[in-house]
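Q: The following block contains a protein sequence and its predicted model.
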Amino acid sequence: MHGRVKVKSTAQQEEEKRKEREKKLKAFVSARDAVLRKRSAGEHDEEALQLTQQLLSSNPDFATLWNYRREVLLQLETSREKDEVQKLYESELHFIEACLKVNPKSYGCWHHRSWVNTRLPQPDWTRELGLCDRCLSLDERNFHCWDYRRVVVKESGVSVEQELQFTDRLIGSNFSNYSSWHYRSTLLPQLHPQPIHSHRVCEEQLLKEYELAHNAFFTDPNDQSAWFYYRWLLGRGVCVCIFNCLCQLCDLPPGSVSDISNEHNLTVHWTEKYTHRDCALYTGEHRERRSVACVCVCGRSELSVEKSSVLQAELQSCNQLLELEPQNKWCLLTIILLMRALDPLGHEKETLAHFQTLKEVDPMRSSYYSDLCSKFLIENTILKMEYAEVRVFSLSNKNLTTLCHLDQLLLVTHINLSSNQLLRLPPQFAMLQCLEVLEADDNAIESLEGLYHLPKLEEVSLRNNQICKLSDLESLASCTKLTRLDLRGNPVHKTANIDSELSQLLPLVTALSL
Amino acid sequence: MHGLTESVIAAACSRVGQSVLHLDRRNYYAGNWASFTFNGLLSWIEQYKNQQEVQITELEQVWRSLIDEGEDAVPLSALDSSISNLEVFCYASEEEEKEEEMKTPLSSFQPVNAETVSEEANGDSTEAHDTVTGDDTTASDAKTPNEEHEVSEPKEDQHTSDISEPSQSQEEKESQLSSSPADPPVEVQKKITYQKLVKEGRRFNIDLVSKLMYSRGALVDLLIKSNVSRYAEFKNIGRILTYRNGKVEQVPCSRADVFASKQLTVVEKRMLMKFLTFCLDFEQHPEEYQDYTEKPFREFLKNKKLTENLQHFILHSIAMVTQHTLTEEGLKATQHFLRCLGRYGNTPFLFPLYGLGEIPQCFCRMCAVFGGIYCLRHSVECLVVDKVSNKVKAVIDTRGQRISCSHFVVEDSYIRDEQRQSTAYRQISRAVLITDRSVLPSESDQQISMVTIPPLESSAPAVRMVELCSSSMTCMPGTYLVHLTCSSSGKAQEDLAPVISQLFHVSTIPGEEPSEGAEERSKPAVLWVMYFNMRDTSALDSSSYSLPSNVHVCTGPDDSLCSDYSIKLAESVFHHILPDEEFCPPAPNPEDIIYDGDGPQAEGPGFDESTNTEADKSLAEEEGATHEKSP
């Protein structure tokens, strides 16, 4: 019809596109072959630049071509004046920019750009910074650009203040971008160092940062970026690692430790200054003419009054949020950590309740929470015992799923792990070198690999566990003093000839209950 | 008429291959949706005043003779009464700019321009920057070709006299950029005189209708779906403000806003976010609002224990509903607002550069690309109705031509009272202000702000205000164009003047500076204001008229913030005319269009055959008065 608009059909359009693609492919392949031929012939000329430029502008991820380009550029550089070199590399930067538009996450491009800047007689860092800002505004999580930006900032000497403002801006536009929070955490200690600890942040700034984090997690408590940053901040104020204990079992020459007193105070030099810890030396037992000594250092770094009041305020903020969001896992976890920093024993009950909620709201990670809870409970129990003098240690009925801090129980002779949810006695269990009696009834223990070479172990009770095979008991044979073993309520008793097999495996055990 | 609805119908019909003849008695496009330069608006005001006096002589004798036996004539109204109560006040100094004449023209405007240039140099709005510094004489050419035609004829003298100016101001600006870009901006504004407004009049694009585009609203969806979006450019609304306790405040509505807000406590932040998250999928939690379905949204908000602050923000600025709106409607409005966030920016709204009047023109352009024909100043005198079928078979224009048609689409204002079953109009109150600074100055002075103003008294209507900056290409640098809209309870001036006096400094003597102290001084000064009422016929439907079934009456713009009503109306009229055709399928890319037939058509399809259509069946027709129809 006269003058009516006709539109090409989809088939027509597709056919055209297909032909176009074929043509492109053919051109690409022939250019690629030409370039590779030139390279093997060792030609480093303008033509090589042109050819690689054509190829790279359609596929910037062709690393070989970038390498070849560098070779060519280094060659050309030798025969040119400084001005010309500047121009040569500047046009290279323009070219890379075009390639970045094709693929903003091309490893080759970003690497080449860094390299070009090292060759450039007068690099224009401001321009590079601008490029990074533009790229990050298009994709704030482009880690290639973040990396490159770090290089640019370092080379151009941008002030830390400016960089902090840069993170302000990025966090303001999207506070879910952890890259900017993390960057902030590297800048703050430089800008506001704590008078004594250069890697910490001064209190005043810290309060501002807390506020920033509050704003973020009150706005969106499910966003983990701010919570991670917050935890880092809390770690800035105090040593969150509250429990730091070192135990060592070592041989000492006879007579170096008096036999009369069993406690010797020692002076210990710590690599970290300004922390005070109690140190004591306890003697072990003489055996085979060598004295076994044990240096046991227990302690927790005390919080300063200011710090503890700051943490107390933070705990209040989090509790306020918890009232609004009783199901929020980040909030619950942070509260638990704060409580532990402030008063682990006083908050034990609340901590346990929070762990229970955590397991319910985040069932995917319930085992993680159980393990963490076990760890805290063990720490609390250790805190409660008066240093290393206690030899009887009970962890029964605490829903433990894992054992840890065994290194601090070196001198324990009786341990009670009954009524927990332990699946195994881990290899570290073998540290309990003084252990005589182990009670671990009513667990779900399948493996006893930690009951290995315990020289003093005499009695083991493993009633109602999940030991299935005779081979699971093999490690017990290395405990030479073991005489009493209770295995009632384990699947292993169904094994044929279990009695005779066992007496063969553990000939020393005289009181065996099956 | 070329209002938005009619333009969309015309484009949709033309797109699927129907012949469209588009007539308008006016000399400009877009009808009541039009956008004017300042000078254009002054002419429009003149026309309005003249229309009140002029008696229209009827050409009844002429068209009577064209009616055959078995046909009835249904005359159309020649008088447009959709605009009323028009009032204009000027507060800018009207005195001659002696200063300017004594010095060089450059120095007198220096501070104004210098300020703008330095702002732009900060990189706030790049797209606008291009256009501002671009060659101004091409600005009107860059619009639709139709527009050029329209501007050049009626106002030939003004137009030509204007041409030299933009390039001059261009030079001014450049020279100032180097001279003193750091002048304090505040002192400056006083210098904007009425003369200056007239002289820079071409920088204004003043809409009669003030609406924004929800980024997931019907209009944006249609622009994208039909590819008409390629004919326009858009700018994000930068912030949502509200007037509360005598102050203009920013409304935190997006996640980033809430995070950054200094006026909310952290607990409020949580409550707001929690409530908004709930609104996003409120249908999934009926237990939360079940007891409130019959009660106002406001009570629901109270029950949710939201603070006063938050209740205000949600009710007035996010849901934008009244005190009486029911809960479910309030929730839906909130949900719609939230779903529109983040598509193009931190607020849910877009605004077309050069004004809302661009949008109907974009659809006209699309219609023309597919062969539609446009005639301005060419009206239809009467409809010719077949007595047997009771359908319109032709129209007779003001020049006595009879034009056959199978459907006739017409704007409500052309319908005489005899053809009406109901005259239950509402009115929209409008005010247009030119001011010298933003109601809430901030780091960037180049953002569009949407301001919600809750009723000042319980009986008064809520007012919606849109403040446009110069980078939206609707006003001259150094000024803001402010649109106020509300549903009328009286004359526009009575409805809106109280709000204006709260938010702005209105001087009693033109050009006078505020002397009443710091508070008044901090308010933006009104340089010029226009009030008018526009008829809101959106409550009417086909049952409101006694007209043949192939006459489709398009009601004018409604009083809501968005254009959804007009777009949905267009779609329903289109389906009524062509039940089996798709509404605005994507327009093909120019390279995919094949022009066959003889050569010359390849350049401009459709434009060169208007002569054919007079005799042929033209499908959708509209009103106007013509001088000439041949190309």
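A: Thanks, I have the structure now. Numbers count the residues shown, from 1 in each chain, chains lettered A, B, ... in the order given.
Q: make it CA atoms for all contacts and neighbour counts henceforth
A: Will do.
Q: any idea where the strands of the stretch 151-300 of chain B begin and end?
A: B:206-207, B:213-214, B:234-244, B:247-250 (DSSP state E, counting those that start in this stretch).
Q: and those as TSV, adding mean neighbour count?
A: What follows is those, written out as TSV (neighbours: other C-alpha atoms under 10 Å in any protein chain shown):
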stretch	mean neighbour count
strand B:206-207	25
strand B:213-214	24
strand B:234-244	21
strand B:247-250	16
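Q: mind showing which ranges of the chain have poor pLDDT?
A: No chain was given, so I picked chain A. Chain A contains residues with pLDDT under 70 at A:1-7, A:194-201, A:236-304, A:386-390.
Q: Sorry, I should have been clearer: chain B.
A: B:1, B:52-62, B:96-190, B:509-520, B:594-631.
Q: Which of the three states applies to B:Ser317?
A: Following DSSP: H, G, I helix; E, B strand; the rest coil, B:Ser317 is assigned to helix.
Q: which residue sits closest to it in space, ignoring its chain neighbours?
A: B:Thr452 (5.7 Å; C-alpha to C-alpha, 6 or more residues apart in numbering or on different chains).
Q: I'd say that neighbour and B:Arg244 touch.
A: No: applying C-alpha atoms under 8 Å, one finds B:Thr452 not in contact with B:Arg244, separated by 9.3 Å.
Q: picking that back up, so for chain A, which of the strands of the stretch 151-300 of chain B sits nearest?
A: Chain A lies closest, by C-alpha to the nearest C-alpha, to one member of those: strand B:234-244, at 13.2 Å.
Q: Direction included, what does the helix or strand hosting the residue nearest to B:Ser317 pair against?
A: Element membership for B:Thr452, per DSSP states H and E: strand B:448-453. Paired strands of strand B:448-453, with direction, are strand B:234-244 (parallel), strand B:463-468 (antiparallel) (DSSP bridges).
Q: can you list contacts of the shortest one?
A: Residues external to strand B:463-468 that are found in contact with it (C-alpha atoms under 8 Å, 6 or more residues apart in numbering or on different chains): B:210, B:438, B:447-455, B:474-475, B:480-486, B:496, B:561.
Q: who are the neighbours in contact with the nearest residue to B:Phe282 once chain neighbours are set aside?
A: Once flanking residues are discounted, B:Phe282 sits nearest to B:Leu331: 7.3 Å by C-alpha to C-alpha, 6+ apart. By C-alpha under 8 Å, 6+ apart, the residues touching B:Leu331 are B:279, B:282, B:297, B:319.
Q: ok, the third one touching B:Lys332?
A: No: taking C-alpha under 8 Å as the contact criterion, B:Phe297 and B:Lys332 are not neighbours in contact, 10.6 Å apart.
Q: Comparing those two, which residue is more hemmed in?
A: Higher neighbour count among B:Phe297 and B:Lys332: B:Phe297, with 27 against 17, using other C-alpha atoms under 10 Å in any protein chain shown.
Q: what's the neighbour count on the closest residue to the more buried one other than its chain neighbours?
A: Spatial nearest neighbour of B:Phe297, excluding adjacent residues (C-alpha to C-alpha, 6+ apart): B:Thr327 at 3.7 Å. By other C-alpha under 10 Å, 22 other residues sit near B:Thr327.
Q: Also A:Ser225?
A: A:Ser225: 20 neighbours (other C-alpha under 10 Å).
Q: which residue sits closest to it, ignoring its sequence neighbours?
A: With C-alpha to C-alpha, 6+ apart, the residue lying closest to A:Ser225 is A:Tyr178, at 5.0 Å.
Q: Just confirm the one you found contacts A:Asp223, I think it does.
A: No: counting by C-alpha under 8 Å, A:Tyr178 sits too far from A:Asp223 to count as a contact (9.8 Å).
Q: on that earlier part again, mind checking how far the strand holding B:Thr452 is from the chain centre?
A: Put simply, strand B:448-453 sits 15 Å off its chain's centre (C-alpha atoms, centre = their mean, to the nearest Å).
Q: returning to that earlier point: for the strands of the stretch 151-300 of chain B, give me a markdown table that also has distance to A:Trp66.
A: Shown next, in a markdown table, are the strands of the stretch 151-300 of chain B (distance: least, C-alpha to C-alpha, whole Å):
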| stretch | distance to A:Trp66 |
| --- | --- |
| strand B:206-207 | 54 |
| strand B:213-214 | 46 |
| strand B:234-244 | 40 |
| strand B:247-250 | 50 |
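Q: Quick check: which of these is nearest to B:Val220?
A: Ranking the strands of the stretch 151-300 of chain B by proximity to B:Val220 (C-alpha to C-alpha) places strand B:213-214 first, at 6.8 Å.
Q: Tell me which residues touch A:Leu51, please.
A: A:31, A:35.
Q: roughly how far apart are it and chain B?
A: 30 Å (C-alpha to the nearest C-alpha, to the nearest Å).
Q: just checking, next helix/strand downstream of the host helix or strand of that residue?
A: Secondary structure assigned from DSSP H and E places A:Leu51 in helix A:46-58. Downstream of helix A:46-58, the next assigned helix or strand under DSSP H and E is helix A:63-78.
Q: Output that following helix as CSV - backbone C-alpha positions only.
A: Extracted in CSV, the C-alpha atoms of helix A:63-78 (Å, rounded to 0.1, in the frame of the first residue of the first chain):
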residue,chain,number,x,y,z
ALA,A,63,45.6,-11.7,27.5
THR,A,64,48.2,-12.8,25.0
LEU,A,65,47.4,-9.7,22.9
TRP,A,66,47.9,-7.4,25.9
ASN,A,67,51.3,-9.0,26.5
TYR,A,68,52.3,-8.5,22.9
ARG,A,69,51.2,-4.9,23.1
ARG,A,70,53.5,-4.4,26.1
GLU,A,71,56.4,-5.8,24.1
VAL,A,72,55.6,-3.5,21.2
LEU,A,73,55.3,-0.5,23.4
LEU,A,74,58.6,-1.1,25.2
GLN,A,75,60.2,-1.4,21.9
LEU,A,76,58.7,1.8,20.5
GLU,A,77,59.5,3.6,23.7
THR,A,78,63.3,3.2,23.1
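Q: can you pull the buried residues of it?
A: By neighbour count on 16 or more other C-alpha atoms under 10 Å in any protein chain shown, the buried set for helix A:63-78 is A:63, A:65-66, A:68-73, A:76-77.
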